[in-house]
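Student: what follows is a protein structure lacking sequence information:
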């Protein structure tokens, strides 16, 4: 079948749907192409089901540790089937909401199938069954998302005993034991949740840090916190993976020595790969860079000076929902404007990890500031003795806030501690507005709240700006 469109959009995830809505403001000749399953990564296998599992884990943890408040919750029992039933049920509601929103898409605007470039303006789409389609599009948006990246040898060795995060949310009950390899955001969140739900867990990380923190002092705080909170081994090298009957035998080496242990499953949280390797980019005429992604401008989405635009996780940049939505809007809007593309400022960077303690990064990271050679100062607070944190028994972690020495303007912040999901937002908003330290300190801080810890860090930052040497924090690690 032959199709013609002004704008073809590859992928109906968060970025693709956002691009579709933006493109529709310019033309009705839009074609959204996706092989399925529909429902977005966030709703199906990412943000929402993982937070449902974490919520159950937090409830179990709080019940077990209520004794610190003089409240004894006796006989805490975790029903794994009920836990996973709620995870799947609520997950399906979120997916259903996405699908309900997609019903507004004109059937003439949607094509089910997997698209591949056959030329700069032509796509071959393999549809369900033996359907074959050829699409000619004046402009094309690549919003094909990303997928978990797993060593091929592990798949061959373990079969269905090897999992990625997508598989976890299809469980009907909790397993007895899981080895998690990869101590980034996904591995850290899932490993801690499963550990708190009574699953025997071993989390292995290749690097020296757990999670995305770049500030060396904070990374050390986080490492100590998570090594206490769950069975975690960092600087670990996987030596062997094997399957014996229905068990995984995992061998690794770390500073603690060399070990072998048996588990029901191995959960690979070893990163994600952009879905651009099978879409025929070699026929598109585009220059590609790292991870095979077309070289493009994040503020326009445009690949070079071409008619192709890149958005969402396919770009391998800021893999979080609101960023994918923003990038999709930018790409779809500029595909409509093409060739008169418009540069769109991106929102202040914000990343949150829903562990306990939580992690947040807002604005520029410590590593980015050091690499840029900016003269900046750091304000610090520990939550160990912070009032509200001690009241609720979550007095763990620290916050570092960074400001430019010349202007006193806030540049960024990193944090591991309580309520990081909320403090991260406050800081991202202040950084995005271009606020100075004094302007933020002029705002109200109620008592007693965790936000008072932010005020303490800002006061420390103010003193550092006034009195410390000008190279206090010019380079990471100083």
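Tutor: Received, thanks. These figures come from a predicted structure and were not determined experimentally. Numbers count the residues shown, from 1 in each chain.
Student: okay, and the helix or strand of this protein with the least pLDDT?
Tutor: Lowest on mean pLDDT, DSSP states H and E among the helices and strands of the chain sits helix 41-45, with a mean of 91.
Student: list the contacts of that one.
Tutor: Contacting residues not belonging to helix 41-45 are listed as 13-14, 37, 48, 91, 94-95, 97-98, 145-146, 165-166, 169, 313, 321 [C-beta atoms under 8 Å, 6 or more residues apart in numbering]. For glycine as for every other residue, the C-beta is placed from the backbone atoms N, C-alpha and C.
Student: for the residue lying closest to residue 161 once chain neighbours are set aside, give its distance to residue 236.
Tutor: Counting by C-beta to C-beta, 6 or more residues apart in numbering, the nearest residue to residue 161 once its immediate chain neighbours are dropped is residue 248, at 5.1 Å. Remark: distance between residue 248 and residue 236 (C-beta to C-beta, to the nearest Å) = 16 Å.
Student: then residue 247?
Tutor: Residue 247 sits 20 Å away from residue 236, going by C-beta to C-beta.
Student: and what of residue 64?
Tutor: 27 Å.
Student: got the buried residues for the top helix by length along the chain?
Tutor: Secondary structure of the chain per DSSP state H: the longest helix is helix 80-102. Buried residues in helix 80-102, defined by neighbour count with 16 or more other C-beta atoms under 10 Å: 80, 83, 84, 87, 88, 91, 94, 95, 98, 102.
Student: any idea which helix or strand comes after it?
Tutor: Where DSSP states H and E defines the elements, the next helix or strand beyond helix 80-102 is strand 110-112.
Student: direction included, what does that following strand pair up with?
Tutor: Note on strand 110-112: by DSSP bridges, its sheet partners are strand 30-34 (parallel).
Student: ok, back up a step: so between residue 64 and residue 236, which is more surrounded?
Tutor: residue 236 (21 against 13; other C-beta atoms under 10 Å).
Student: in the protein, where is pLDDT below threshold?
Tutor: Scanning the chain for pLDDT under 70 picks out 468-478.
Student: picking up where we left off before, got a list of contacts for the longest helix of the chain?
Tutor: Against helix 80-102 from outside (C-beta under 8 Å, 6+ apart): 12, 17, 38-40, 43-44, 48-49, 52-53, 56, 169-174, 197-198.
Student: verify the stated contact: residue 380 with residue 460.
Tutor: Yes. With contact defined as C-beta atoms under 8 Å, residue 380 counts as touching residue 460 (5.5 Å).
Student: so how far is stretch 316-325 from its chain's centroid?
Tutor: Relative to the mean C-alpha coordinate of its chain, stretch 316-325 is positioned 8 Å out (C-alpha atoms, centre = their mean, to the nearest Å).
Student: check stretch 330-339 too.
Tutor: Counting by C-alpha atoms, centre = their mean, stretch 330-339 comes out at 26 Å from the chain centroid.
Student: again with stretch 445-454
Tutor: Centroid separation between stretch 445-454 and its chain, computed with C-alpha atoms, centre = their mean, is 28 Å.
Student: buried set for it?
Tutor: When neighbours are counted by 16+ other C-beta under 10 Å, the buried residues of stretch 445-454 are found to be 449, 450, 451, 452, 453, 454.
Student: check stretch 363-378 too.
Tutor: Neighbour-count burial for stretch 363-378 flags 363, 364, 365, 366, 367, 368, 369, 370, 374, 376, 377, 378 (criterion: 16+ other C-beta under 10 Å).
Student: hey, what's the last one bridged with?
Tutor: When you say that, I think you mean residue 378. residue 402.
Student: make 24 the first number, not 1, from now on.
Tutor: With 24 as the first residue, the last one maps to residue 401.
Student: of the buried residues of stretch 386-401, which belong to strands?
Tutor: In this view, these that belong to strands under DSSP state E are 386, 399, 400, 401.
Student: any idea how far the last one lies from residue 448?
Tutor: Spelled out, it's residue 401. With the distance defined as C-beta to C-beta, residue 401 ends up 21 Å from residue 448.
Student: all strands of the stretch 74-223 of the chain, in order?
Tutor: 133-135, 137-140, 145-149, 155-165, 169-171, 185-186, 200-204, 223-227 (DSSP state E, counting those that start in this stretch).
Student: okay, helices next: where are they in the stretch 274-423 of the chain?
Tutor: For the stretch 274-423 of the chain, applying DSSP state H, counting those that start in this stretch gives helices covering 344-360, 389-395, 410-414.
Student: next, the buried residues of the shortest one.
Tutor: I take that to be helix 410-414. Buried-residue list, helix 410-414, by 16+ other C-beta under 10 Å: 411, 412.
Student: surely residue 253 is in contact with residue 224?
Tutor: Yes. At 6.2 Å, residue 253 and residue 224 qualify as touching, with contact defined as C-beta under 8 Å.
Student: please enumerate the shared neighbours of those two.
Tutor: Common neighbours of residue 253 and residue 224 (criterion: C-beta under 8 Å, 6+ apart): 214, 218.
Student: just put the helices of the stretch 274-423 of the chain in a markdown table and tack on distance to residue 369.
Tutor: Below are those laid out as a markdown table (distance: least, C-beta to C-beta, whole Å):
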| stretch | distance to residue 369 |
| --- | --- |
| helix 344-360 | 7 |
| helix 389-395 | 14 |
| helix 410-414 | 32 |
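Student: which stretch among these comes nearest residue 213?
Tutor: Distance to residue 213, taken as C-beta to C-beta, is lowest for helix 344-360 among these, at 17.8 Å.
Student: next, the buried residues of the closest one.
Tutor: Using 16+ other C-beta under 10 Å as the test for burial, helix 344-360 gives 344, 346-359.
Student: can you give me the strands in the stretch 324-473 of the chain?
Tutor: For the stretch 324-473 of the chain, strands defined by DSSP E, counting those that start in this stretch occupy the ranges 331-333, 373-376, 381-386, 399-405, 421-427, 433-440.
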